[in-house]
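Novice: using only what follows, build the 3D model:
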Amino acid sequence: MKKLINPWLGLPGYQCFGCSPDNPDGLHLEFYEDGDDIVGLWHPDPHKQGWIDTLHGGIQCTLMDEVAAWVVARKLQTSGVTSKMEVRFLRPLHTSDPQMTVRSRITQRKRNAVFLTAEIYDARGTVCASATLIYFVDTPERAAEQWHFHGCRAEGE
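Specialist: Below is the predicted model of the structure:
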């Protein structure tokens, strides 16, 4: 897997809850490219629980939404916004797990609409949540102007 370089590091005001390493309350996700998938590795903590030792459903949605956004950034070299997200909670995710893996990929594209799937795996590799998402993507020019996006590279590129 190739580690992706966060294209917004150093941007004034950048405090993304999902991926900014400087947001003290954030998830601090880092991403990797694995074939067609983008993978996020995350170490949960008890401050993100909804019930005792159970990861909050909103945090699960955020994890899957964030990794899908990075699929758009890396695979399409642009940015976009979530239009629709449908989530299935299959099994509890435990905040005591040492690590969770979040994966996403593109399933279809129709002009500026991109269809994606995402899953969260627990430390044992069991799928515990899944989502289908639709993103509306910008042109690279609008992504640069509106979102300060100038490409997403992997280490070594």
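Novice: residue 67 against residue 30, yeah?
Specialist: No: the criterion here is Cβ atoms under 8 Å, and residue 67 misses it with residue 30 at 10.8 Å. From N, CA and C alone the C-beta is placed, and that goes for glycine too.
Novice: touching the worst-scoring helix or strand of the chain on mean pLDDT from outside, list them.
Specialist: Every helix and strand in the chain was compared by mean pLDDT, DSSP states H and E; the lowest is helix 140-147, with a mean of 90. With Cβ atoms under 8 Å, 6 or more residues apart in numbering as the contact definition, helix 140-147 has outside contacts at 77, 78, 79, 80, 138, 149, 150.
Novice: can you do 7 Å?
Specialist: Helix 140-147 has contacts (Cβ atoms under 7 Å, 6 or more residues apart in numbering) with 77, 78, 79, 138, 149, 150.
Novice: and the longest helix for the chain?
Specialist: Ranked by number of residues, the top helix in the chain under DSSP state H is helix 57-76.
Novice: any idea how far stretch 57-74 is from the chain center?
Specialist: Using Cα atoms, centre = their mean, to the nearest Å, the mean C-alpha position of stretch 57-74 is found 3 Å from that of the whole chain.
Novice: could you number the chain from 148 rather than 1 from now on?
Specialist: In the new numbering, first residue 148, that becomes stretch 204-221.
Novice: using PDB, write out every CA atom in that stretch.
Specialist: Only the C-alpha atoms of stretch 204-221 are listed here, as PDB (Å, rounded to 0.1, in the frame of the first residue of the first chain):
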ATOM      1  CA  GLY A 204     -22.800   5.500  14.600                       C
ATOM      2  CA  GLY A 205     -22.200   9.100  13.600                       C
ATOM      3  CA  ILE A 206     -18.400   8.500  13.800                       C
ATOM      4  CA  GLN A 207     -18.800   5.400  11.700                       C
ATOM      5  CA  CYS A 208     -20.600   7.500   9.100                       C
ATOM      6  CA  THR A 209     -17.900  10.000   9.200                       C
ATOM      7  CA  LEU A 210     -15.200   7.400   8.700                       C
ATOM      8  CA  MET A 211     -16.900   6.000   5.600                       C
ATOM      9  CA  ASP A 212     -17.700   9.500   4.200                       C
ATOM     10  CA  GLU A 213     -14.100  10.600   4.700                       C
ATOM     11  CA  VAL A 214     -12.500   7.600   3.000                       C
ATOM     12  CA  ALA A 215     -14.900   8.100   0.000                       C
ATOM     13  CA  ALA A 216     -13.900  11.700  -0.300                       C
ATOM     14  CA  TRP A 217     -10.300  10.500  -0.500                       C
ATOM     15  CA  VAL A 218     -11.200   8.100  -3.300                       C
ATOM     16  CA  VAL A 219     -12.500  11.100  -5.200                       C
ATOM     17  CA  ALA A 220      -9.400  13.100  -4.500                       C
ATOM     18  CA  ARG A 221      -6.900  10.300  -5.400                       C
END
